[in-house]
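Student: Whatever this is, show me its structure:
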Amino acid sequence: MKSLKSFFNVIVRNKRACFGFIILVIFLLIAMIGTSIIPLPKETNYAERLQPPSLSHPLGTDYAGRDTLAQFVHGSKDVIILSFLTAIFTMVLAFIVGGISGAAGGKTDAILMFITNVILTVPSFPIMMVLSMLIKVTNPVTFALILSMWSWGGLARAIRSQILSFKRRDYIEASRILGLSLGHIVFKDMLPNMASYIAYHFIMIMKSAVTASVGLMVLGLAPFSSTHWGMMLNLAMGSTAALYGSSAIYYFLTPVIGIMLFQIGCLFFASGMDEAFNPRLRD
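Tutor: The predicted model follows:
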């Protein structure tokens, strides 16, 4: 409890991190509470299609006359769930590969690093495009697996480097002398000391997952949710010609601004996490 209070005290003192934290909390509240307050319109009303912002429709309406604000609120839930799952899957894959590689060494290390280098050599987004075409995306879990399947390489190498540095420390040598298992050494001795590193990359992976998911949905390769911000952009460009100056510009700008704010929140909050976890970096 004391360490949690100290963490938030550092975040509050860091203006960038505090601003980012507030943005992320707002999006989280929108996703958790907003979806129950603002219902998602199911019926179309073409008489009110592409309306500008008004009291009845604060962010205007889409090509079918549905409220843009309601779609944005429900899309926030899709974005947060998808980015969170992607971060979990990527971290698990990276830690398994990087942790085992660094802790085991020898042939195991060589084989796992060879696989990791192959992953790093091939650009991730084209692979995600191919996977999204081969695998039918019907839910956020499937989509998150596709996004994480080719995104863990760089983090795995970084975790391996962290593990190698820990192996030379006295308490790790003591654990080995006591005959403790490899799993105990990795998860009990090393993992707690990598908390700041893991937390920082968890937030940054969420940020990258939003970019990748939006890119795939704009291309029409993973249309699992009509309210996801990427699908809103796809429909704004494909069904309403928003980029050509039509009245759909409000429908187009809503997810764009949402994406920008979410990524700014992730970037700013992550910038203060290392200071919050590492007392040596504080003034």
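
Student: Look up how far residue 103 lies from the residue nearest to residue 206 when sequence neighbours are not counted.
Tutor: Closest residue to residue 206 apart from its sequence neighbours, by Cβ to Cβ, 6 or more residues apart in numbering: residue 83 at 4.0 Å. For every residue, glycine as well, the C-beta is placed using N, CA and C. Distance from residue 83 to residue 103, counting by Cβ to Cβ, to the nearest Å: 29 Å.

Student: Can you pick out the residue with more neighbours from the two?
Tutor: It is residue 83, of residue 83 and residue 103, that has more neighbours when counted by other Cβ atoms under 10 Å, with 25 against 20.

Student: The host helix or strand of the more buried one packs against which elements?
Tutor: Using DSSP states H and E, the element containing residue 83 is helix 68-104. Helices and strands touching helix 68-104, by 3 or more Cβ pairs under 8 Å, 6 or more residues apart in numbering; DSSP states H and E, are helix 15-29, helix 35-37, helix 106-121, helix 140-148, helix 153-167, helix 195-218, helix 229-238, helix 249-277.

Student: ok, now with 6 Å
Tutor: helix 35-37, helix 106-121, helix 140-148, helix 153-167, helix 195-218, helix 249-277 (3 or more Cβ pairs under 6 Å, 6 or more residues apart in numbering; DSSP states H and E).

Student: Of all those, which one is nearest residue 13?
Tutor: Nearest to residue 13, of all these, is helix 249-277, at 8.6 Å by Cβ to Cβ.

Student: just how off-centre is that closest one within its chain?
Tutor: Helix 249-277 sits 11 Å away from the centroid of its parent chain (Cα atoms, centre = their mean, to the nearest Å).

Student: Same question for stretch 133-150.
Tutor: Remark: stretch 133-150 is offset 14 Å from the chain centroid, using Cα atoms, centre = their mean.
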